[in-house]
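**Student:** here's a sequence, model it:
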Amino acid sequence: MADAAPHGRARTLAWQGLANSIVRGLLWMPLLSRGIGKRLITLYVVGRKSGKRYVVPVAYTRHEGTLLIGTPFGWGRNLRTGVPVEVRFKGRRWVADVVVHSDEDAVVEDYAVMARDNRNFANFNKIGFDEGGNPDPDDLHLAWAAGARSFRLTLR
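**Tutor:** Below is the predicted model of the structure:
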């Protein structure tokens with residue numbers, strides 16, 4: 001069964017683990033990753049308490065010289081401002097500096113940027129649009145209320 005976030009927001013699918021494994025494999029291959037890597041990177045996240053290593057494919061948006069990502073899921077709490085994280089970007093492993101945003105204004109602003117850039121991100125996070133193509137402010141606030149955080153990654 002899928003995990004639902006509060007307020008019916010973003011959720012994992014029953015087959016999410018299998019899908020993530022396939023995507024991680026594709027992102028590993030330099031030539032293939034250039035195609036699917038236009039929207040996805042792999043994060044190598046280490047649990048703060050457990051030390052467990054998570055390998056997570058995630059959508060990104062290029063914004064103001066950073067890779068902007070967002071998630072409402074628990075693995076995001078392991079990313080901390082000032083603590084570098086490893087990423088696989090376009091088939092190559094990098095170290096990235098992280099800035100975490102968890103306050104409402106910053107998360108809503110960042111989610112609006114990501115939703116405008118990537119409609120799949122918007123759909124996954126249940127963010128609708130008005131007639132002018134702008135993300136629905138209520139949906140953006142609901143994403144934050146359901147635990148969404150945003151992260152700005154600067155590749156070294």
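
**Student:** from now on I want contacts and neighbour counts done on CA atoms only, so please keep to that.
**Tutor:** OK.

**Student:** neighbours around residue 53, how many?
**Tutor:** Per other CA atoms under 10 Å, the neighbour tally for residue 53 reads 12.

**Student:** now do the same contact list for it.
**Tutor:** 44-47 (CA atoms under 8 Å, 6 or more residues apart in numbering).

**Student:** what pairs with residue 89 across the strands?
**Tutor:** For residue 89, the beta-bridge partners under DSSP bridges are residue 92.

**Student:** quick one: secondary structure of the spatially most distant residue from the centre of the chain?
**Tutor:** Ranked by distance from the centre of the chain (CA atoms, centre = their mean), the top residue is residue 131, with 25.8 Å. Classification of residue 131 by DSSP: H, G, I helix; E, B strand; the rest coil places it in coil.

**Student:** residue 140 versus that one, what's the distance?
**Tutor:** As judged by CA to CA, to the nearest Å, residue 131 and residue 140 stand 16 Å apart.

**Student:** could you do residue 72 as well?
**Tutor:** Residue 72 is 12 Å from residue 140, where distance means CA to CA.

**Student:** quick one: which of these two has more around it?
**Tutor:** Neighbours per residue, other CA under 10 Å: of residue 72 and residue 140, the larger number sits with residue 140, 25 against 21.

**Student:** I figured the more buried one hits residue 111, correct?
**Tutor:** Yes: using CA atoms under 8 Å, residue 140 is in contact with residue 111, at 6.7 Å.

**Student:** tell me which stretches of this structure form helices.
**Tutor:** With DSSP state H as the criterion, the chain has helices at 16-28, 30-36, 104-117, 119-124, 137-145.

**Student:** related to what we said a few turns ago, show me whatever sits in contact with both of residue 72 and residue 140.
**Tutor:** In contact with both residue 72 and residue 140: no residue, using CA under 8 Å, 6+ apart.

**Student:** give me the nearest residue to residue 76, chain neighbours excluded.
**Tutor:** In space, and not counting its chain neighbours, residue 76 is closest to residue 149: 7.2 Å by CA to CA, 6 or more residues apart in numbering.

**Student:** what is that neighbour paired to in the beta sheet?
**Tutor:** Bridge pairing for residue 149 - DSSP bridges - gives residue 71.

**Student:** no more questions from me, cheers.
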